[in-house]
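**Q** With the sequence up front, the predicted model follows.
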Amino acid sequence: MFSLTLFKREMKANNKLIIIFIYILTLYISTIVYMFNPNSSNAFDDIIKSMPGIMKAFGFVATGNTLIGFIATDLYGMIVLMFPVVFSIILGNKLIAGYVDRGSMAYLLATPNKRVKLALTQALCLWISIAILITYATVAIIISSAIMHPGMLDIGKLILMNVVIYFLHIAISGICFFASCISNDTKRSFTIGAGIPIAFFLIQMLANMGGKLENLKYFTIFTLFNTNNIIAGKSVVFPVIILVTVAIVLYGLGIFMFSKRDLSL
């Protein structure tokens, strides 16, 4: 089903990329958590109120005095939402199309492993790598909150938020992986794999502005991650099912097409 040798080699090769993103997440998480002030208006809320239209487009709204609400808006409105997307674009582009583009895929196909096994292994690397980033973000937020604002974080809602966002990123990574599987070069893979998620995010920004543009939310996958609903205690089963279905379809189609198509080696 999977190639353990390829998996170990690929995860080792991705270490530097993962560490870079972990470092960036650490900086942002510690800074945002530090900015929270339950006893007065938060500095970030003041910025939001001074530029409501622009900030709302990016998903930032005034959060009130709860730490989970502050984190949901100021971290999950942009940083934890988009950084893993960038990570998926980079890694997804590299895992299949990168090998084909460099001519290295010929060496992988020369091993006893079938194409499906190779593609599944690369997909597993992407899933595990995203899981590492999301798990790290969760732990970093919990630790930072415990140090700076002990007892104020609703850990249960934070964990649920990260479960949903993990499946969101798995679905988005499916777009990147599918693009990688159908492309003979990284340029085409990057165009599709980056273009669609970025288009979804731009549509989400327009929908966030409200009014007549609000209906655009039905045309972007980011709508399925709603922090307000999670904090309010609403069920996340339906959006998770949709995200898992999207991921299965995209990864399944990508692996199938990669296993059947002619490769430029």
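**A** Structure received. Numbering: from 1, shown residues only.

**Q** what secondary structure does residue 111 sit in?
**A** coil (DSSP: H, G, I helix; E, B strand; the rest coil).

**Q** Now it. Nearest residue, chain neighbours left out?
**A** Nearest residue to residue 111, sequence neighbours excluded (CB to CB, 6 or more residues apart in numbering): residue 3, at 7.7 Å. For the C-beta atoms, the positions are set from N, CA and C on the backbone; glycine is no exception.

**Q** quick one: that neighbour from residue 119, how far?
**A** 10 Å (CB to CB, to the nearest Å).

**Q** The two: which has the busier surroundings?
**A** Higher neighbour count among residue 3 and residue 119: residue 119, with 23 against 20, using other CB atoms under 10 Å.

**Q** Tell me which other helices or strands the helix or strand harbouring that one touches.
**A** Using DSSP states H and E, residue 119 maps to helix 115-148. Contacts defined by 3 or more CB pairs under 8 Å, 6 or more residues apart in numbering; DSSP states H and E place helix 115-148 against helix 4-13, helix 15-35, helix 67-74, helix 79-93, helix 105-109, helix 155-181, helix 237-260.

**Q** Comparing those helices, which yields the minimum mean pLDDT?
**A** Looking at the helices and strands packed on helix 115-148, the lowest mean pLDDT belongs to helix 105-109 (a mean of 81).

**Q** Next, give phi and psi for residue 153.
**A** phi -90, psi 130 (degrees, to the nearest 10).

**Q** these two touch, right, it and residue 143?
**A** No: the pair residue 153 / residue 143 is not scored as a contact, 10.2 Å apart, by CB atoms under 8 Å.
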